[in-house]
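# coordinates only, no sequence provided:
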């Protein structure tokens, strides 16, 4: 069903949970499990890159699918492009509050952020910081980005294996974040650390093994930024994100936890998305070497390739919404209060929109239709900055490196939200 089926008079409610569903761990093959028992929001599927096989089955057989007992409770999966777009653009029916991930905010450290708010509060807070990625400031930032890209690429080792994620993807995006926040440059890697902690799963062997450990690290983040706030709260001329928040009419009186929530939003938005598209682009071009040859033969394809990389990688796999009222979608009744996961990663592979969707095609004629930036009032504020960083990076890579050798399998983030990488071993022949 597509959005044309909204309001279907034969709508069905959420099915009952299959016996033993809560204990079920999804096999890597989606056809080894009953359709009704599928719970695609399991990190091992994403780490093994098997989420796309599940999305393919759901698009075909149950594009509006109910998981009655996921890790964070029952939720609906929306997997077709048109249905996702419908949910994303009807914010009066599908609310962003109280969270954009399936996990509900923890009572011990509740953080509000404007992406998890509905209009009008969302609109007011977003407006305060949007000038930092407005056309005028982007024109100023372009020279800075190119200078930093050149310095990073020229410093890379030759004839030895190194981690592209660390030396290129993280370094470029973290330098950019430090600029946007006017953050002490020598401490810039703290931004990466806080971003990783904010999106990491709490589990044994993870970045944070307990909720208290995560809370303590995020309190450190808040304390650091409160110091910057105090320094800049009376600065009427500051053009950085902290100064903008401190003088903004709708943000200057934020309680500490709301300040922290918006900080995490801006840090993650400026870090995880761009950095994982940088790494994912190299992975994709290695997987499809004909496209790399096409790129080297015609560098003018870079801007379109950037859009295609963002589609293919989809740095954030989904966004969650909550139904404000009983509604119908694809012949199913979604009840007031139900969680709804818009799987952008699936919509970007929908063959009804993107032909040969699993392939990277750098000259794809509709690459810009990707949904990685979302739709409607919550469309990614920094999308132009992300595209600029990727475009400039590849403009500078091509003349420098005739060949980039990937020396081993990438290590993917253990997450159902961030589709990213922790390691990508590469070698640059001298």
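Structure received. Source: prediction; values computed, not measured.
# any weak-confidence spans in this structure?
The chain contains residues with pLDDT under 70 at 1-24, 106-111.
# now do the strands in it.
Ranges of strands in the chain, per DSSP state E, are 64-70, 73-78, 94-95, 161-163, 318-323, 327-329, 332-334, 339-343, 405-406, 411-412, 421-423, 425-427.
# which residues touch the third one?
In this structure, residues lying in contact with strand 94-95 by Cβ atoms under 8 Å, 6 or more residues apart in numbering are 87, 88, 118, 321, 322, 323, 324, 340. (Each C-beta comes from the backbone N, C-alpha and C, glycine too.)
# want to throw the residues you listed into TSV with neighbour count and distance to residue 74?
Listed next are these as TSV, based on neighbours: other Cβ atoms under 10 Å; distance: Cβ to Cβ, whole Å:
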residue	neighbour count	distance to residue 74
87	26	17
88	23	21
118	17	22
321	26	14
322	18	12
323	20	12
324	16	17
340	25	11
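# so what's residue 61 up against?
By Cβ under 8 Å, 6+ apart, the contact set of residue 61 is residue 35.
# closest to residue 211 out of the strands of the chain?
Closest approach to residue 211 among the strands of the chain is made by strand 73-78 (17.0 Å; Cβ to Cβ).
# mind listing what that closest one pairs with, with the direction of each?
Taking DSSP bridges as the criterion, strand 73-78 pairs within the sheet with strand 64-70 (antiparallel), strand 339-343 (parallel).
# nearest to residue 264, of those strands?
Taking Cβ to Cβ, strand 339-343 is the member of the strands paired with strand 73-78 nearest to residue 264, at 20.1 Å.
# dump the residue contacts of the residue sitting nearest the centre point of the chain.
Centroid check for the chain by Cα atoms, centre = their mean gives residue 316 as the closest residue, at 2.5 Å. By Cβ under 8 Å, 6+ apart, the residues touching residue 316 are 272, 273, 344, 372, 417, 418, 419.
# now do residue 371
81, 84, 85, 88, 344, 347, 348.
# burial check on residue 227, number of neighbours?
Residue 227 is flanked by 10 other residues according to other Cβ atoms under 10 Å.
# likewise residue 207?
17.
# picking up where we left off before, among the contacts of strand 94-95, which one sits closest to residue 301?
Within the contacts of strand 94-95, distances to residue 301 taken as Cβ to Cβ reach their minimum at residue 88, with 28.6 Å.
# give the closest residue to that closest one in space, chain neighbours not counted.
In space, residue 88 comes closest to residue 375 once its chain neighbours are excluded; the distance is 4.1 Å by Cβ to Cβ, 6 or more residues apart in numbering.
# my read: the one you found touches residue 89, true?
Yes - if you go by Cβ atoms under 8 Å, residue 375 and residue 89 touch, sitting 5.0 Å apart.
# quick check: neighbours shared by these two?
Among the neighbours of residue 375, none is also in contact with residue 89 (Cβ under 8 Å, 6+ apart).
# ok now stretch 179-191, how far from the chain's centre?
Here stretch 179-191 is found 21 Å from its chain centre; the criterion is Cα atoms, centre = their mean, to the nearest Å.
# got the contact list for it?
With contact meaning Cβ under 8 Å, 6+ apart, stretch 179-191 is reached by 132, 141, 144, 174-175, 177-178, 221, 224, 228, 238, 240-243, 266-267, 270-271.
# now the strands paired with strand 73-78 in JSON lines, with distance to residue 27?
Output for the strands paired with strand 73-78, formatted as JSON lines (distance: least, Cβ to Cβ, whole Å):
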{"stretch": "strand 64-70", "distance to residue 27": "15"}
{"stretch": "strand 339-343", "distance to residue 27": "19"}
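# let me know which of the ones you listed is tucked in deepest.
Of all the strands paired with strand 73-78, strand 339-343 has the most neighbours on average by mean count of other Cβ atoms under 10 Å, namely a mean of 26.
# quick one: that strand to strand 318-323, angle?
Orientation note: strand 339-343 sits at an angle of 150 degrees relative to strand 318-323 (axes from the mean of the first three to the mean of the last three Cα atoms, to 10 degrees).
# out of the strands paired with strand 73-78, which gets nearest to residue 127?
Nearest of those to residue 127, taken as Cβ to Cβ: strand 339-343 at 23.9 Å.
# mind listing what's buried along stretch 258-275?
By neighbour count on 16 or more other Cβ atoms under 10 Å, the buried set for stretch 258-275 is 258-275.
# typo on my end, it should be stretch 371-379
For stretch 371-379, burial by neighbour count (16+ other Cβ under 10 Å) applies to 371, 372, 373, 374, 375, 377, 378.
# related to what we said a few turns ago, how close does the residue nearest to the centre of the chain get to residue 288?
Residue 316 sits 23 Å away from residue 288, going by Cβ to Cβ, to the nearest Å.
# swap in residue 223?
Taken as Cβ to Cβ, the span from residue 223 to residue 288 is 46 Å.
# which of these two has more residues huddled nearby?
More neighbours surround residue 288 than the other of residue 223 and residue 288, with 16 against 11 (other Cβ under 10 Å).
# can you tell me the closest non-neighbouring residue to the more buried one?
Per Cβ to Cβ, 6+ apart, closest to residue 288 is residue 360, 4.7 Å.
# that neighbour: what's it in contact with?
So residue 360 contacts 284, 285, 287, 288, 291, 308, 309, 312 (Cβ under 8 Å, 6+ apart).
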